[in-house]
Structure formats: C-alpha cells, structure tokens
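J.: The amino acid sequence is not available; the structure is as follows:
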C-alpha cells in the first residue's frame, strides 16, 4: 500500500471524482509519488481541457493514465530536493523551480508559422484559494530591487538544493544580464513588480486566456489591458484623463518587463543546461499615443516559464490592493509578509533579520538600530494610513508595534491582523 500525505490524498480524491474511475487508484497514487503533486495536477488540467475541446477519442481515465505513463517513462533528469537549510524566501517546499527550468529548456522552440498553429483557450475551472499559501518564485523580492540601487546587475543565490546523496548545491539568479559576460541592462524595481501584479490580475479578470500551440507542450498566457485601467489599478492619480507623462511611464515599465533579462545558472545541476534566460514578458504591442481622449490598449504575452506557473497555479493569491503600495520598502514588506500573516495572523521579527529576508541591497541605514526603526516605521505608517490595503483572505492590518529586544541592540517589529468577517470573492483577486 502506498502511503500518501494529506496533499497527495486530496489530489487522488479529486482525480477519482473527475475521471470517474476507481480501478486506477494504485497507478495514480504511484504516479503522484514519483512525479510529484504539481506535475500530476498539471497533467489532470491538460486532460480536462482536451476533454472539453473534444480531443479525447477514448475515456478521460485512459487518457490521463497514458499521459502519466509517458511522463514517468520520459523522466530522465535527476530530481533535486530542497535541503533542510532555511531559504530567504517563503515558498512551498515541494515546488522545484529547477525541474521547471529543465522541462522548458528541453521543449522545442516556438515558431509561429503555418506549420505551428495555435488555438486561444481559457482555463476550464475557477481557481480556489490554496490551503497552503505559497509565494510564486518569480514575484519574490529577489527578482526586484529598490529604485535607488545604482547597480546595473546583481548575482544572488535563488535556492539551495540537495541531491539524493545529500550534496548541497546552489541555483544562482543573475539579474540584469542575459548570459555570463553579457551587457548589463539594469534591474527591475518595485514599480515593475506592481505592474506585473496588475497585468496578472487583468489576465485572471478577463478569463485566464492562453494560446495553446499544437504538437508542442507550450501554453502562453496573454491579456489586453487599457492604459487607464492599468493606471487605476496601480493607484496613479489623474483627473479623469491620463496625461502623456504617465502614459509614457507605464509604457516604459511594461517595455522593461519585456526587455530586461535574468538568467538562472544551472551549471552545477545539469551538464546540458548551463543557464536559461528569463523575462517576465515575451511580446508587447503598444498603441500610438495621440491625445488624452485616445483609448489605448496594450497587448502583453507572458513568458513561457511565467505562463506555466500561472496555469499550474503555483503561487499565493494577491488582493489587487497590493498594486497601489507606492512606497518601495512598504511594498517589499507586504510582498514578503502576506503569506505569513495569512497563516498565523501575526509576525514578530527583528529588523536586522527582516532586512536579510527582504533581500534589500546594502544601505547605510541598516547599520544603526535607530535608523532601521525610523525607516521601517515610515513605511509601515503608510500601510496603516491606507485602509484599502487588504490581504488576499480579506483580513486587514490591525496594529504595528516596535519594541527593543532583550539585548537592546535591535528593534522587533510586531504586526497583527484582523480576521475577515465576510466571504471573499475569489474570482476578483490576482492569481499570484
């Protein structure tokens, strides 16, 4: 008998209901153990979409078991597991970004021509709030920096992984470069992160549209968004008409998401894949700005890796109010703490430790406890003065306190939240 943990049991129960077959329980349980929950769940989603489009000639149970059999047979790359060493980001310990990178790197390149047609589809099922809240890797603070950072590129440890033999290795993230020795192209700021949340919210709000390429295991998410709608989501103030300066600022930020690269250094793990370049967007189409009355619509297509994570729902839901946090430090604070506050309702952490967890670049105000407390208090005061800032479960921040620790060498920040007293409409929240 195969022993399954709670999350695996829930997936097995979900599959039994959908495929309406109890004879494949043992095989599916074995597949979940071997491939992992995320990959099996992705296979289930693909099977359901194929059934909806009428592409399944047999029954859905046989289609799913055949797909899982092929996935097990084609599994040649060693699976790396997380080490027990804590990482600087809060994430689901079962999510392995290295496997996603390797899967995409081994996929055929997209060639949009007559021989590679695609269909436009939407996700079949509405999304539900995850019981275990996890932060999407690609929107953690590691991928962004403060606007005052003078550096054009930066290298950091994204994850510490360990092989089955217990050998620890680092998966490196290089911001602002497409490859080693490449041109430094700058780094993305908190404003770019807010743009990504706003675009993703629009994608979900408009029906989670994606392009499905035939004969290739590739799905690309896309959306069309009005500039005014984007500005409103970001909380930019304008009196009814969007000026050319604000239009240009949004346009430049979206263009940066399309052009400023990252690359993952995978050389320690895979001989075939030295590194993989990543950008948040792969295509953007901008209208020409004529006057304030112009109805301008931007079309964006998310990158393959980002699209894959959106479709597999690998991330905690965000309320779109996070897009309106204009102070960079306050934004990074909420971006890091939201999953903790949702699970526990409070957090108590030293400011020195918090600076490391937020992945902030070095600054002079980090060196003294009084300046640390002053900078964080300035940021958190803005959060308290914004009643529209809510967490994805509907709760709000009740109080933020600062107290000296026992050694008198640092301050602790304590944040508590109020519980939600109403049911949240999960269809109106950002899927990140």
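T.: Structure's in. What do you need? All values reported here derive from a predicted model rather than from experimental measurement. Residues are numbered from 1 along each chain as shown.

J.: What are the phi and psi values at residue 267?
T.: For residue 267, the backbone dihedrals (degrees, to the nearest 10) come out as phi -60, psi -30.

J.: okay, now it: neighbour count?
T.: 14 (other C-beta atoms under 10 Å). C-beta: built from backbone N, CA, C; applies to glycine.

J.: pretty sure it contacts residue 179?
T.: No - assessed by C-beta atoms under 8 Å, residue 267 is found out of contact with residue 179, at 11.7 Å.

J.: would you list every one of the helices in the stretch 51-200 of the chain?
T.: All helices of the stretch 51-200 of the chain, identified by DSSP state H, counting those that start in this stretch, fall at 60-73, 97-105, 190-205.

J.: Packed most tightly, which of the ones you listed would that be?
T.: Highest mean neighbour count of those: helix 190-205, a mean of 23 (counted as mean count of other C-beta atoms under 10 Å).

J.: Now the common contact residues for residue 267 and residue 179.
T.: Residues touching both residue 267 and residue 179 (C-beta atoms under 8 Å, 6 or more residues apart in numbering): residue 275.

J.: Least confident of the helices of the stretch 51-200 of the chain, on average?
T.: The minimum mean pLDDT among these belongs to helix 97-105 (a mean of 62).

J.: what are the ranges of the strands in the stretch 301-432 of the chain?
T.: 346-350, 396-404, 411-418 (DSSP state E, counting those that start in this stretch).

J.: can you give me the angle the helix or strand where residue 10 lies makes with helix 60-73?
T.: Applying DSSP states H and E as the criterion places residue 10 in helix 6-19. Angle of helix 6-19 versus helix 60-73, following axes from the mean of the first three to the mean of the last three C-alpha atoms, to 10 degrees, is 140 degrees.

J.: immediately after helix 6-19, which helix or strand?
T.: Following helix 6-19 in sequence, per DSSP H and E, is helix 25-35.

J.: follow-up on the earlier one: pLDDT averaged over the helix holding residue 10 - what is it?
T.: Here helix 6-19 scores 82 as its mean pLDDT.

J.: which residues touch that helix?
T.: 4, 22, 25, 28-29, 32-33, 37, 40-41, 44, 47-48, 59-61, 64, 94, 132.

J.: follow-up on the earlier one: among the strands of the stretch 301-432 of the chain, which comes closest to residue 246?
T.: Between residue 246 and these, the shortest separation by C-beta to C-beta is 28.5 Å, and it involves strand 396-404.

J.: What strands flank the closest one, and is each parallel or antiparallel?
T.: strand 411-418 (antiparallel) (DSSP bridges).

J.: So for the strand it pairs with, what gets flagged as buried?
T.: 411-413, 415-417 (16 or more other C-beta atoms under 10 Å).

J.: Rank those by pLDDT and give me only the lowest.
T.: In terms of pLDDT, the weakest of the buried residues of strand 411-418 is residue 417, which scores 88.

J.: Quick check: it vs residue 337, distance?
T.: 10 Å (C-beta to C-beta, to the nearest Å).

J.: what's the answer for residue 405, then?
T.: 19 Å.

J.: Who has more neighbours out of the two?
T.: residue 337 (21 against 13).

J.: Name the nearest residue to that one, ignoring sequence neighbours.
T.: residue 347 (6.0 Å; C-beta to C-beta, 6 or more residues apart in numbering).

J.: Can you report how many residues neighbour the one you found?
T.: Neighbours of residue 347 using other C-beta under 10 Å come to 17.

J.: Surely it and residue 414 touch.
T.: Yes - in this structure, residue 347 is within contact of residue 414 by C-beta under 8 Å, at 7.2 Å.

J.: Quick one: the helices in the stretch 301-432 of the chain, in order.
T.: 304-311, 328-344, 351-357, 369-384.

J.: Tell me how far the shortest one lies from the chain's centre.
T.: In this case it means helix 351-357. 22 Å (C-alpha atoms, centre = their mean, to the nearest Å).

J.: what about residue 275, distance to residue 419?
T.: Applying C-beta to C-beta to residue 275 and residue 419 gives a distance of 45 Å.

J.: okay, those two: which has more neighbours?
T.: It is residue 275, of residue 275 and residue 419, that has more neighbours when counted by other C-beta under 10 Å, with 20 against 10.

J.: so that one bridges to which residues?
T.: With DSSP bridges as the criterion, residue 275 is bridged to residue 265.

J.: Over to the one 10 residues further on?
T.: Beta-bridge pairing of residue 285, defined through DSSP bridges, involves residue 299.

J.: Count the residues that sit near it.
T.: Residues near residue 285, counting by other C-beta under 10 Å, number 10.

J.: hang on, the earlier thing: hey, what's in contact with both of residue 417 and residue 337?
T.: By C-beta under 8 Å, 6+ apart, no residue touches both residue 417 and residue 337.
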